[in-house]
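1. Give me the fold of what follows.
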Amino acid sequence: MAKIQSLHDAVAENIHDGDSVAFEGFTHLIPHAAAHEVIRQGRKDLTVIRMTPDMIYDQLIGMGCVKKLIFSFAGNPGVGLLRRLRDAVENGWPHPIEIEEHSHAAMANAYEAGASGLPCAIFRGYRGAELTRVNPNIRFIRCPFTGEELAAVPALRPDVTVIHAQRADRKGNVLLEGIVGVQKEAVLAARRAIVTVEEIVDDLASRSPNACILPSWTVTSVAKVPGGAHPSYVQGVYPRDNAAYIEWDRIASDRDSFLTWMAQNVTTVSPDVFAGRVAPLKTKGAA
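-> This is a model prediction of the structure:
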């Protein structure tokens, strides 16, 4: 059964220097609070994994936590570049990082392979793609039955997967509703999993048709962190803070402004502040 504990303790017990960590979320339910706690605890030499790294990966990289990034698309959604990622790749600030770039299809299949206990993912893809020139982990094999050439990439097996969700019950079963990217597969592929949630309840109660339940045996730690996905959104709880993403481009464009913002908003701030940063969605009949 998953352990219900504070975010500080969940990170301290499960994420260590040199680990591979997937902070997953697909525009929705992105675990910002958990990543901030990793920064506060000063983790180093991490291999970070994500299908669509955005602002939180910019912060992890800029604060020197990251040794390598395994990813597909990287950017500030709807805005543009990840400026701290670019500075690290082009100028080695705060230190050089390795990058391993894939397609979305490759990342999704690699998580699925990891969740299935397989050594690699095999799929149709990468035909004529230029990524094969720079990524030695993209290879090709022949199907033993049809002779068809297929792409192969290593399975993703993170040491830790971190996600955010709407709620968990007191046994550690987790409910996700709304857009779910590869969170389920990333949790099942990982050796350990931390889930931050908006609330902990006695019963998960009614669920929408697109709900996903992660049973407690798939999760290592659950931490209650209201607002823990801000500035991304949580379906039914609070909307996406678009202004924060736009403002991040200005903040991250300069090293000094980045470090000042991180000092004021992350390294000296308790996870409890997240609840005060979000604007709850109005329910029917609300004024």
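2. Show me which helix or strand of the protein is least confident by mean pLDDT.
-> strand 212-214 (a mean of 93; mean pLDDT, DSSP states H and E).
3. which residues touch the next helix or strand after it?
-> Counting by DSSP states H and E, the element after strand 212-214 in chain order, helix or strand, is strand 221-224. When contacts are defined by C-beta atoms under 8 Å, 6 or more residues apart in numbering, strand 221-224 is touched by residues 2-7, 9-10, 13-14, 34, 168, 172, 174, 192-200. Quick note: C-beta positions are derived from backbone N, CA and C, even for glycine.
4. Please name the residues that touch the closest residue to Met51 other than its chain neighbours.
-> Nearest non-adjacent residue to Met51, counting by C-beta to C-beta, 6 or more residues apart in numbering: Met107, 4.6 Å away. Going by C-beta under 8 Å, 6+ apart, Met107 touches Met51, Ile70, Phe71, Ser72, Leu156, Val182.
5. Next, please give the residue ranges for the strands of the stretch 101-250 of the chain.
-> For the stretch 101-250 of the chain, strands defined by DSSP state E, counting those that start in this stretch occupy the ranges 120-123, 139-142, 149-154, 160-169, 174-176, 192-201, 212-214, 221-224.
6. returning to that earlier point: if I look at the residue nearest to Met51, how far off is Asp169?
-> Per C-beta to C-beta, to the nearest Å, Met107 is found 30 Å from Asp169.
7. that older thread, of all the strands of the stretch 101-250 of the chain, which one is nearest Phe258?
-> strand 160-169 (22.2 Å; C-beta to C-beta).
8. quick one on the thing from earlier: buried only: go through the contacts of strand 221-224 for me.
-> 2-5, 7, 10, 14, 34, 168, 172, 174, 192-198 (16 or more other C-beta atoms under 10 Å).
9. Please name the residues that touch Arg133.
-> Residues in contact with Arg133 (C-beta under 8 Å, 6+ apart): none are found.
10. please begin residue numbering at 35 from this point
-> Happy to do that; since the first residue is 35 now, the last one works out to Arg167.
11. where are the low-confidence patches of the protein?
-> Where the chain drops to pLDDT under 70, the residues are 316-321.
12. care to break the protein down by domain?
-> Domain assignment for the chain by automatic domain parsing gives 37-136+191-307, 147-188.
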